[in-house]
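In: Need coordinates for the following:
(one chain, ligands or ions: 1)
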Amino acid sequence: MPSVSSLSPDAPFSCRALHESRSKNCFSMVVVLESDDLKSSEYAGESAVYYDYVASGVEGDVAFYVEEARAAGSLVLELGCGTGRILIPTAEAGVEVVGLDASHDMLAIARHKLEGLPPHVQRRVRLVEGDMRRFALDRRFSLITIPYRAFLHNLDVEDQRQTLRRVREHLADNGRLIFNVFDPKVQNLAAGTWAMPANRRREFVHPRSGNRVTVKEEFTYDLERQMVEGAFVFDEIDMTTGQAVGTIRSPLTLRYIFRYEMQHLLELSGFRVDTLFGDFKRGLFRAGGEQVWVARPR
Ligand SMILES: C[S@@+](CC[C@H](N)C(=O)[O-])C[C@H]1O[C@@H](n2cnc3c(N)ncnc32)[C@H](O)[C@@H]1O
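Out: Just a heads-up that it's a prediction; the model follows:
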């Protein structure tokens, strides 16, 4: 295990990391991973650039996570923070937050957004490049969140349990874990194909070229392995000629999880479940909807 290194006097926590770097306005503690640890093309390059144009989250998720962060108070840890869709509003609401993500490119976008914000907001944020299955920070957190189904990137039981063990170890005694995953729709499983959520944008204007970009999904289920596998396909179309000028495939593999499977995983990993909501208005759980879990250390 690499050694523990302190960041600086004004950064009151450190990370077991092979090296660390400091950008203009926020710290980036870089945990170097073995090369085969992550599917490198997911959330990298253009896939990361397109993320904010298509991923609109689950209805009400930003307000819900910000409210929970305010109730918990600093320090909050968001695993799989991506481009800061939830992390930045959390910091703007006055909460100190550490965002950990495995994608260098997603974090670079988050960092760029932060650099345009007032210094007092920037000071509330630390970004860490790392793996939710293996991170080690020398702070404990009042709240750890894994929003927008990022837990489903754990592709087998060992990865799921490792992530939950890391969370358990980093939670304060009365801290909470809050995260959401989609509940598999039996209709989709029966059809064998995954349908893009209705609120995901189907087209946008390319940020650099100004061309139109359309989005299609090509996903299938592997019922034995409980996987949804495939790619989003982005076609860039010249606005004046109507001709296709390029296609990007953005691969994605997720391990879907059933309700009681998730409950058992939490209990096996040292948690007790406080609540399972079915949406971000704190409604009842409904099959085929969302699983919004609130858990505490046992
Ligand atoms: C669906 S995005 C969610 C981003 C953000 N939380 C949001 O709500 O918009 C999933 C994120 O999880 C990250 N991720 C995937 N596997 C990871 C891992 N093993 N450790 C840390 N982050 C991971 C991806 O890089 C990506 O940024």
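In: CA atoms for contacts and neighbours, from now on please.
Out: Will do.
In: Can the strand or helix carrying Glu68 be said to contact the ligand?
Out: Using DSSP states H and E, Glu68 sits within helix 61-72. No - using C-alpha under 6 Å from any ligand atom, helix 61-72 stays clear of the ligand, coming no nearer than 7.9 Å.
In: CA atoms of that helix as CSV?
Out: In CSV, the C-alpha atoms belonging to helix 61-72 read as follows (Å, rounded to 0.1, in the frame of the first residue of the first chain):
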residue,chain,number,x,y,z
ASP,A,61,-31.8,13.9,-7.5
VAL,A,62,-29.8,17.1,-7.2
ALA,A,63,-32.2,18.7,-4.8
PHE,A,64,-32.4,15.5,-2.7
TYR,A,65,-28.7,15.0,-2.4
VAL,A,66,-28.0,18.6,-1.6
GLU,A,67,-30.7,18.6,1.1
GLU,A,68,-29.2,15.4,2.6
ALA,A,69,-25.7,16.9,2.5
ARG,A,70,-27.0,20.1,4.3
ALA,A,71,-28.7,18.0,7.0
ALA,A,72,-25.5,15.9,7.5
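In: now what about that helix, what contacts it?
Out: 76, 85-86, 89-90, 93-95, 142-143, 145, 147-148, 175, 280-281 (C-alpha atoms under 8 Å, 6 or more residues apart in numbering).
In: Stretch 145-159 now?
Out: 57-58, 61, 65, 76-81, 133, 160, 163, 177-182, 227, 253-257.
In: Try it again at 6 Å.
Out: The contact list for stretch 145-159, computed with C-alpha atoms under 6 Å, 6 or more residues apart in numbering, reads 78-80, 160, 177-181, 254-255.
In: Same check on stretch 255-262?
Out: 152, 155, 226-227.
In: That one: end-to-end distance?
Out: From its first residue to its last, stretch 255-262 covers 12 Å (C-alpha to C-alpha, to the nearest Å).
In: now do stretch 129-146
Out: Where stretch 129-146 begins and where it ends lie 15 Å apart, using C-alpha to C-alpha.
In: Give the buried residues for that stretch.
Out: For stretch 129-146, the neighbour count (16 or more other C-alpha atoms under 10 Å) marks 129-133, 135-137, 140-146 as buried.
In: For it, what does the pLDDT average out to?
Out: Per-residue pLDDT over stretch 129-146 has a mean of 97.
In: follow-up on the earlier one: okay if I get the contacts of stretch 145-159 as JSON lines plus distance to the ligand and pLDDT?
Out: Shown next, in JSON lines, are the contacts of stretch 145-159 (distance: C-alpha to the nearest ligand atom, whole Å; pLDDT from 0 to 100):
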{"residue": "Glu78", "distance to the ligand": "7", "pLDDT": "98"}
{"residue": "Leu79", "distance to the ligand": "6", "pLDDT": "98"}
{"residue": "Gly80", "distance to the ligand": "4", "pLDDT": "98"}
{"residue": "Gln160", "distance to the ligand": "10", "pLDDT": "98"}
{"residue": "Leu177", "distance to the ligand": "14", "pLDDT": "98"}
{"residue": "Ile178", "distance to the ligand": "12", "pLDDT": "98"}
{"residue": "Phe179", "distance to the ligand": "10", "pLDDT": "98"}
{"residue": "Asn180", "distance to the ligand": "10", "pLDDT": "98"}
{"residue": "Val181", "distance to the ligand": "10", "pLDDT": "97"}
{"residue": "Leu254", "distance to the ligand": "10", "pLDDT": "96"}
{"residue": "Arg255", "distance to the ligand": "11", "pLDDT": "97"}
